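Student: Everything below, folded, please.
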Amino acid sequence: MSQFKAQFLRRFLREQLGQSAIVVAVTITAITAVAATSVEVGHVYYAYQKLLQSTNQAALAGAQAMSNALTSTASSGAYTLAVTSAVKQYSSVSGQLNAINYLQNDSIATQTMFCSSTMAAPPFYVECQTPPGGSSGYNAIKVTQTAQVNLWFGGLVGMPLMNLSATSTAAMKGAANTPYNLAVIMDTTNSMSDTIKGDKNCTKSQISCAVAGLEAMLNQMDPCQLNTTCTSSTPYVDNVALFVFPAIAANATGNYKSDYCGTGAATVPYNFVNVTPGWIDPLTNLPDGLDMETLASSPKTNAGAYEIIPFNTAYKTSDSAALSLSSAFAQAVADAGTGCSGLSAPGGQQTYYAQVIYTAQEALAIQQASNPTSKNIMIILSDGDATSCALNANTSAGGCNSSAQIVADNNPTCALPVKTAGNCLNGTGTSTTNPTTTVNGVSYGYISPTYPSALGECGQAVQAAQLATAAGTMVYTIGFGSELSGCQSDETYTINSGSTDGAEAWPGPANPRTPCNAIAAMASNVNTFYSDASGGCPALSAANKDFTSLVDIFDAITTGLTSPRLIPNGTP
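Tutor: Model (predicted):
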């Protein structure tokens, strides 16, 4: 019996039938495990990519909110709350914009705002800005999101979930990508050669401080796309032009280099084509089809030029380069090495800026028509007090009694007794020689502030700027020494704009008919109005009140025109 068992065992061990089934079973199990692992890895990777995408968008939203909240919040706590809300809105947290079924238990693990020295330095120039009431400045945000993903096969080995984490870092606005046409209007009246008493941010002449602000802005501008060498054929990003008032005497070549390189600019009186009386509606269309901008810039015998540097991108050779020393803008800001003393304040005429605003808006419209994807920006720097005098205007109406500064081109001697009714520009004659006339509901004549007029000059500027806003131009205004008294003729004769296209109403509920009211009402909204506050005129938004230096104001405006960007994690 024992011998039989031994023989059976030997035969069984030598038997090969069924061995392939075992090999197949083991192989199938191994292949299935590998396939399941591959599928699981792909599933987890896809879930991680979704988490990373939402973290990128949450960080960008936070960076955008960091800029917006500077002008929309009044405290550090409100600022942080606004940023946190934006981050959460674009996260993958349940119920938010990027929530997905693949993820669960999503949460924002950390959210850290910080000042990146790398982004603050060239070529980025993304300035660290302190929120209202805060003590530290920020220009970047780091966001970390965590979530869990259900494993399809992990439960078989006791691991039903996998923890995921993604981190993204974004800088505040600083990456320019939208083509902009920027018309900078600079006050170069004689008062700009003075200093402002008590202004700790500007101890030199006002024009020097204004030029320093313009230089800071140009250094942050991108004439062409990032990491690109600018040529005549490359698409532009920031196309800049410079306008001044009063107008500079025209020359045959149109080259105004001598006007900002130390030889001294010659100005001309504010000069109009006489439209009194008979025009239908100077706010919309004139009888011959001309609009207000065309009227402002139409050829006049004694007219000079408001635009002294036309739209161009030659101020830099790339987004990261310094100002090109051969460029008109480098010369206008007296950049070292240009040999130019920079833009001066020749004066000769007092302040009247409605006409330069209309002229700049016309130039912006032409520029945008040639580049339909571009956006128009107008930046106006002035004290807001229009003080120019009319030819022989009496003190009761014109507020002054001096030599001619505002003239009607086709009748520059309208005060002579031989002139008859209707021959003088509004406000430049007398009630006897130029009585009030009403045509189609619009009043003209000696006591009418309707543009063009020597009366109600602040109101005319407000109306011109608000019409630019209505046309789609974003108007920034900088009150430089703007006071709470002035705009003398507007006390009696002014345009009630009745428009909502401004940061304030004109006349305003606070400080009505004053330079402060005028310069604020000219801005498109409260966030585009800045003031150095040296004349007692405060900015309207809580955040903008922190900007009282012209360099800081121009920096803030430039930053506001750009977009946030993702930056590598760990960027210092």
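Student: just the helices in this protein please.
Tutor: Along the chain, counting by DSSP state H, helices occupy 2-14, 19-70, 76-89, 117-120, 206-220, 292-297, 328-332, 354-370, 457-470, 515-522, 550-560.
Student: out of these, which comes closest to Phe480?
Tutor: Among those, the nearest to Phe480 by C-beta to C-beta is helix 206-220 (6.2 Å). For every residue, glycine as well, the C-beta is placed using N, CA and C.
Student: other SSEs contacting that closest one?
Tutor: Judged by 3 or more C-beta pairs under 8 Å, 6 or more residues apart in numbering; DSSP states H and E, helix 206-220 is in contact with strand 180-187, helix 328-332, helix 550-560.
Student: change it to 7 Å
Tutor: Identification of packing neighbours for helix 206-220 by 3 or more C-beta pairs under 7 Å, 6 or more residues apart in numbering; DSSP states H and E yields helix 550-560.
Student: average pLDDT for the helix it packs on?
Tutor: Taken as a whole, helix 550-560 carries a mean pLDDT of 82.
Student: same deal with stretch 78-98?
Tutor: Per-residue pLDDT over stretch 78-98 has a mean of 92.
Student: cool, stretch 192-207 as well?
Tutor: Computed over stretch 192-207, the mean pLDDT rounds to 77.
Student: now do stretch 116-129
Tutor: For stretch 116-129, mean pLDDT rounds to 80.
Student: Just the CA trace of it, in PDB.
Tutor: Only the C-alpha atoms of stretch 116-129 are listed here, as PDB (Å, rounded to 0.1, in the frame of the first residue of the first chain):
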ATOM      1  CA  SER A 116       8.000  90.100  -4.200                       C
ATOM      2  CA  SER A 117      11.300  92.000  -4.600                       C
ATOM      3  CA  THR A 118      11.700  90.200  -8.000                       C
ATOM      4  CA  MET A 119       8.500  91.600  -9.400                       C
ATOM      5  CA  ALA A 120       9.100  95.000  -7.900                       C
ATOM      6  CA  ALA A 121      12.400  95.300  -9.700                       C
ATOM      7  CA  PRO A 122      13.100  95.800 -13.500                       C
ATOM      8  CA  PRO A 123      11.800  94.800 -15.900                       C
ATOM      9  CA  PHE A 124       8.500  94.200 -14.200                       C
ATOM     10  CA  TYR A 125       8.100  97.300 -12.000                       C
ATOM     11  CA  VAL A 126       5.100  95.800 -10.100                       C
ATOM     12  CA  GLU A 127       5.100  98.200  -7.100                       C
ATOM     13  CA  CYS A 128       4.300  96.800  -3.700                       C
ATOM     14  CA  GLN A 129       1.200  98.700  -2.600                       C
END
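Student: buried sites along that stretch?
Tutor: For stretch 116-129, the neighbour count (16 or more other C-beta atoms under 10 Å) marks 116, 119-120, 124-129 as buried.
Student: which of the residues you listed lies closest to Ala74?
Tutor: Nearest member of these to Ala74, counting by C-beta to C-beta, is Gln129, at 15.2 Å.
Student: you'd agree that closest one is up against Ser136?
Tutor: No: Gln129 lies out of contact with Ser136 (C-beta atoms under 7 Å); the separation is 10.2 Å.
Student: Give me the sheet partners of the longest strand along the chain and which way each runs.
Tutor: In the chain, taking DSSP state E as the definition, the longest strand is strand 161-175. Applying DSSP bridges to the sheet, strand 161-175 is found paired with strand 140-150 (antiparallel), strand 563-567 (antiparallel).
Student: so it versus helix 550-560, what angle?
Tutor: Per axes from the mean of the first three to the mean of the last three C-alpha atoms, to 10 degrees, the angle that strand 161-175 makes with helix 550-560 is 130 degrees.
Student: Averaged pLDDT, strand 161-175. What do you get?
Tutor: Average pLDDT, strand 161-175: 85.
Student: Please identify the buried residues of it?
Tutor: 162, 164, 166-175.
Student: Out of the strands paired with strand 161-175, indicate the one that is most buried.
Tutor: Of all those, strand 140-150 carries the top mean neighbour count, a mean of 23, counting by mean count of other C-beta atoms under 10 Å.
Student: export that one as PDB, just CAs?
Tutor: Taking Å, rounded to 0.1, in the frame of the first residue of the first chain, the C-alpha atoms of strand 140-150 are listed here in PDB:
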ATOM      1  CA  ALA A 140       1.900  89.000  -5.200                       C
ATOM      2  CA  ILE A 141      -0.200  86.200  -3.700                       C
ATOM      3  CA  LYS A 142       0.400  82.500  -3.100                       C
ATOM      4  CA  VAL A 143      -2.600  80.200  -2.900                       C
ATOM      5  CA  THR A 144      -2.500  76.500  -1.900                       C
ATOM      6  CA  GLN A 145      -5.600  74.300  -2.400                       C
ATOM      7  CA  THR A 146      -6.100  70.800  -1.000                       C
ATOM      8  CA  ALA A 147      -8.600  68.200  -2.100                       C
ATOM      9  CA  GLN A 148      -9.200  64.400  -2.100                       C
ATOM     10  CA  VAL A 149      -9.900  62.200  -5.000                       C
ATOM     11  CA  ASN A 150     -11.800  58.900  -4.800                       C
END
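Student: just the angle between it and helix 76-89, please?
Tutor: Following the same axes, to 10 degrees, one obtains 40 degrees for the angle between strand 140-150 and helix 76-89.
Student: I'd like the numbering to begin with 779 instead of 1 from here.
Tutor: Sure, I'll start counting at 779 from here, so that last one is strand 918-928.
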